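Engineer: Turn this into a structure:
(2 chains)
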Amino acid sequence: MAETRVQGTIRKVSGPLVVADGMRAARMFDVVLVSEKNLIGEIIEIKGDLASIQVYEDTGGLGPGEPVVSTGEPLSVELGPGIIESIYDGIQRPLDKIEKIAGALITRGISVPGLDREKKWEFVATAKVGDEVVGGGILGTVRESTLVEHKIMVPPGINGKIAKIVSGTFTVEETVAVLEEGDKTHSLTLMQRWPVRLPRPYKERLTPVEPLVTGQRVIDAFFPIAKGGTACVPGPFGAGKTVIQHQLAKWADAEIVVFVGCGERGNEMTDVLLEFPELKDPRSGEPLMKRTVLVANTSNMPVAAREASIYTGMTIAEYFRDMGYSVALMADSTSRWAEALREMSGRLEEMPGEEGYPAYLPARAAQFYERAGRVRCIGGDDRIGALSAIGAVSPPGGDLSDPVVQASLKVVKVFWSLEDWLAYERHFPAINWLTSYSLYHEMLSEYFRTEVSEEWEGLRQESMRILQKEAELKEIARLVGTDALSDRDRLILATAKSLREDFLHQNAFDAVDTYTSFPKQFKMLGNIIGFDRLSRDAVEQGVTAEELFALPTQEDIVRSRYIPEAEIEEFDAIWGRIEQQIRELVEKRVGSEEVVA
Amino acid sequence: MVKEYRTVQDVAGPLLLVGGVSGVKYEELVEVELPGGDVRRGKVLEVNKDTALVQLFEGATGVSVDSARVRFLGKGLELGLSRDMLGRVFDGLGGPKDGGPAIIPEVKRDVAGAPINPWARNYPNEFIQTGISAIDGLNTLVRGQKLPIFSGFGLPHAELVAQIARQAKVQGTEEEFAVVFAAMGITFEEAEYFIADFRRTGAIDRAVLFVNLASDPAIERIATPRMALTAAEYLAFDLEMHVLVILTDLTNYCEALREISAARKEVPGRRGYPGYLYTDLSTIYERAGRIKGKKGSITQIPVVSMPDDDKTHPIPDLTGYITEGQIILERGLHRKGIYPPINVLPSLSRLRDKGIGEGKTREDHANLANQLFAAYARGKEAQELAVILGEGALSPEDKAFFKFAEVFESRYVRQGQDENRSIDETLALGWELLEILPKSELKRVKPEQIDRYMKNTVTAGE
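Structural biologist: Alright, predicted model coming up:
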């Protein structure tokens, strides 16, 4: 990095925007320190001598004449042991450390490094002296938490032969290895820095092949997201965006979860902070916090830092992806990020696009989501990492023509459409099964065939058909009444209702219902659809819909969501009862017909 | 030594452009003295080289380019705070309005406040009993929450808010809430209603009121909620009280904000409101909460009038994205004579599930609430269906739901203005109403809960 420290003077202050003159030599997106308070800012426009700076802290009390000093470096994050279990603000300052320094309220000009400088980590070297390594190559590991083995990698762009490497306990600043590259030497520490706006490199993008298992039935079964995929969750307020994001952060089978609270409620971050250490990962039994990184820039924290927060989160996520992990990034909410862009754009007096948003909004959104993906990592061992990105969008009034929704839908492959009318009926997750979509079915079909069941795809399609049909029938039933429908149609309505209420509806706050494994989902769906198939045959044999609806086993289907994962064989017993009860009905009917005959 | 400028260049709406200044800081407090000795206050909105753009809180009436004298005070707008504020009425900028003496401050604080570090927050999880079934049972208020009331013109939000302020208590304690009340642009009658109600019940002794009436300068409203919240923070986090903050009406506040934005010729967002409306509102709403290691708390009940009862209007819309739920008043219920006219379906308390359940209210509370919601939604659907098909064409189940919805509105939602229902009464009433429905339709409650809480388990539907 160039060591040019350009110094200028403040000329104008307007909200989070500061304009300074004497900045001709500064570079676009360099970080600057503003005034004697050393507020952190970033150059977002240069016009001749003038630089426009977005300041990441409150600018109250700044005025013309105060100094602005460029650091000559773009906005970067520190990557190394100590990230996991942290809670950072939008520019990677640890909020717990800020509280120690400043108390309960966030004051300005606090400078705290992202990684703890004092803490010592146990480094176990896995590479040896004499090894040739390239950027991304693994030097060794640090056990960061019970769930995360932090791989210490050569920073991208550096190659060489290891001249020295030692195991032992180190702080993040101490040298653990020395590389020789020609006549140059590189001293490597446990930590590296990376500019947040620059995607970290990989060798090759790959097609996603595995679903990100979330335990949420409507998602896993109907609208799955792949590991390395992208999804967007738009919805009006109160439709449950945040609950879905939290559920995914809790239950998604990712090895690392990065949760970015971007311009949202302070209490929601507190909720995550208090709840995650208590919740156990269903696979390892360890607290979920042991794999989680939080980036929190709540709505009342400085707006420019909100803009940066999703990039901070993304860069941290990429870093863990580079280790070969499956990482899930949740951003709640990208609308707030877009609003921060809009606010800065307005203050820069740029020509507005739709709804006042800058014309470059779709491009920025695309750049963000394109940083997700399943990749072959750099480093020479061809390990594969995946970064899945899920963005919540908060469109005004739930209107999907909102520019942020449209910009997101252009790039993401999964669309979970949250609807307020479902939320009013307390149907959660309030994902509309008719308008939502996933474009990953094709890519994941192999996985479902081999890992879940050959029948899975068929069950899903049949369920969707029934739900589609229900929408049509409901229109008719509204006009002529349900009684006027044929038994077959009333059966469809009943099965659709069962699908909605007993499968798609899921209670996030119930200890059992909150997470459903694929095997259990398969059995649940299998029983509902199986009941439908048998009923259809029964109706053809003369059994009435009423008789079928009155079967006691209906109750079993209703209650089956509460069957614990460990008692999954219970489903087979239910299936037995379904078969038997319907068979008895048919036999009774056929028998009575024979008597009549 | 404070410099004085007589270099006002432009006056536009509530804005002044002052030229030839030096050393002026962003958001600094400004005093403008008029020839008659009248002093107006304002703050710096923008500094550009040697010009400062100043927004006046009391409006620019009577300001002349020639004679106005402008002083920059080098600090933000502050409020002097003391325990003696309890029982007093102030104007929108913190001056005494009740004829009493000025407050001798223990401490002065900048009204802009500072964001609470999420790390330092304590999660709100203590149930507040408001005595109103539609809130306690279904959209529970929790200590430290911000739960707005979305109302419309002519709906009884004032009565509801006053009832909440009167009845709110945390179960098992006799501790009463201190009330900080901020009126922004409401009518004299409405303000009087609150003041009289506080006097009648004696609540005035533990209340601080900031009143900006409809006739007061609109721009003053920008400062009023911040004055109130600064006072609330002092009471809650310095004096360790539990504070209920009532802000009414945020719609007037937002309109004042729009006025300034328009005067500045900013690029407008939706419906002419500034693009930063969300951020600005959040600096008010996010000042609710609890802080680790502090006894006190701030619970906010802002009132937002929905223009034309439209929930998607930018003000209620952005509010809903920041607050932890909303209580929605509906004109249809009001016309039916139901008080409080709370439409529970679109209403929501996001913190409900943290504040209820075993050890807080009762273990069946969440399931019961979900069941009531689902049943009422289904009942409303049946009512719509009956409009098209006639009641006779409904299936027996739909008929049961139809009846349920009616009874739910007339017995559960409706209650008297002085009727203070305990949570046990509210829960029992919920179970009683569920008896109208066939048991097989009760999918949101557990069978063992039905056995335990439903008095007549053999129901009409079976």
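Engineer: quick one, helices of chain B?
Structural biologist: B:133, B:157-167, B:188-201, B:224-233, B:250-263, B:277-285, B:314-322, B:331-335, B:352-355, B:365-389, B:396-407, B:423-434, B:447-453 (DSSP state H).
Engineer: What average pLDDT does the longest one get?
Structural biologist: Per-residue pLDDT values across helix B:365-389 average out to 91.
Engineer: That helix vs chain A: in contact?
Structural biologist: Yes: using Cβ under 8 Å from any Cβ of the partner chain, we find that helix B:365-389 touches chain A at B:366, B:370, B:373-374, B:377-378, B:385, B:388-389. Every C-beta, even on glycine, is put in place using the N, C-alpha and C of the backbone.
Engineer: for that helix, packing partners?
Structural biologist: For helix B:365-389, the packing partners by 3 or more Cβ pairs under 8 Å, 6 or more residues apart in numbering or on different chains; DSSP states H and E come out as helix A:456-480, strand B:342-349, helix B:352-355, helix B:396-407, helix B:423-434, helix B:447-453.
Engineer: wait, which of the helices of chain B is closest to residue A:428?
Structural biologist: Closest to residue A:428 of the helices of chain B, according to Cβ to Cβ: helix B:365-389, at 9.0 Å.
Engineer: thinking again about what came up before, take the helices and strands packed on helix B:365-389 and lay them out in CSV including mean neighbour count and distance to residue A:315.
Structural biologist: Shown next, in CSV, are the helices and strands packed on helix B:365-389 (neighbours: other Cβ atoms under 10 Å in any protein chain shown; distance: least, Cβ to Cβ, whole Å):
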stretch, mean neighbour count, distance to residue A:315
helix A:456-480, 15, 36
strand B:342-349, 23, 35
helix B:352-355, 22, 32
helix B:396-407, 19, 52
helix B:423-434, 19, 48
helix B:447-453, 14, 48
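Engineer: Can I get these in JSON lines including distance to residue A:306 and mean pLDDT?
Structural biologist: Putting the helices and strands packed on helix B:365-389 into JSON lines (distance: least, Cβ to Cβ, whole Å; pLDDT from 0 to 100) gives the following:
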{"stretch": "helix A:456-480", "distance to residue A:306": "38", "mean pLDDT": "91"}
{"stretch": "strand B:342-349", "distance to residue A:306": "25", "mean pLDDT": "94"}
{"stretch": "helix B:352-355", "distance to residue A:306": "25", "mean pLDDT": "88"}
{"stretch": "helix B:396-407", "distance to residue A:306": "43", "mean pLDDT": "93"}
{"stretch": "helix B:423-434", "distance to residue A:306": "39", "mean pLDDT": "96"}
{"stretch": "helix B:447-453", "distance to residue A:306": "43", "mean pLDDT": "91"}
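Engineer: a markdown table for those, including distance to residue A:52?
Structural biologist: What follows is these, written out as a markdown table (distance: least, Cβ to Cβ, whole Å):
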| stretch | distance to residue A:52 |
| --- | --- |
| helix A:456-480 | 51 |
| strand B:342-349 | 40 |
| helix B:352-355 | 43 |
| helix B:396-407 | 57 |
| helix B:423-434 | 55 |
| helix B:447-453 | 61 |
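Engineer: Of those, which is nearest residue B:36?
Structural biologist: Among those, strand B:342-349 sits nearest to residue B:36 (Cβ to Cβ), with 49.8 Å.
Engineer: Least confident secondary structure element in chain B?
Structural biologist: strand B:169-170 (a mean of 86; mean pLDDT, DSSP states H and E).
Engineer: which other helices and strands contact that one?
Structural biologist: Looks like strand B:169-170 contacts strand B:127-129 (3+ Cβ pairs under 8 Å, 6+ apart).
Engineer: which residues touch the next helix or strand after the strand it packs on?
Structural biologist: Next in sequence after strand B:127-129, counting helices and strands by DSSP states H and E, comes helix B:133. Around helix B:133, the neighbours that count as contacts under Cβ atoms under 8 Å, 6 or more residues apart in numbering or on different chains are B:412-413, B:415, B:421, B:425-426, B:429-430.
Engineer: For residue A:63, which three-state class applies?
Structural biologist: Judged by DSSP: H, G, I helix; E, B strand; the rest coil, the three-state class of residue A:63 is coil.
Engineer: what's the burial count for residue A:564?
Structural biologist: Residue A:564 has 10 neighbours, counted by other Cβ atoms under 10 Å in any protein chain shown.
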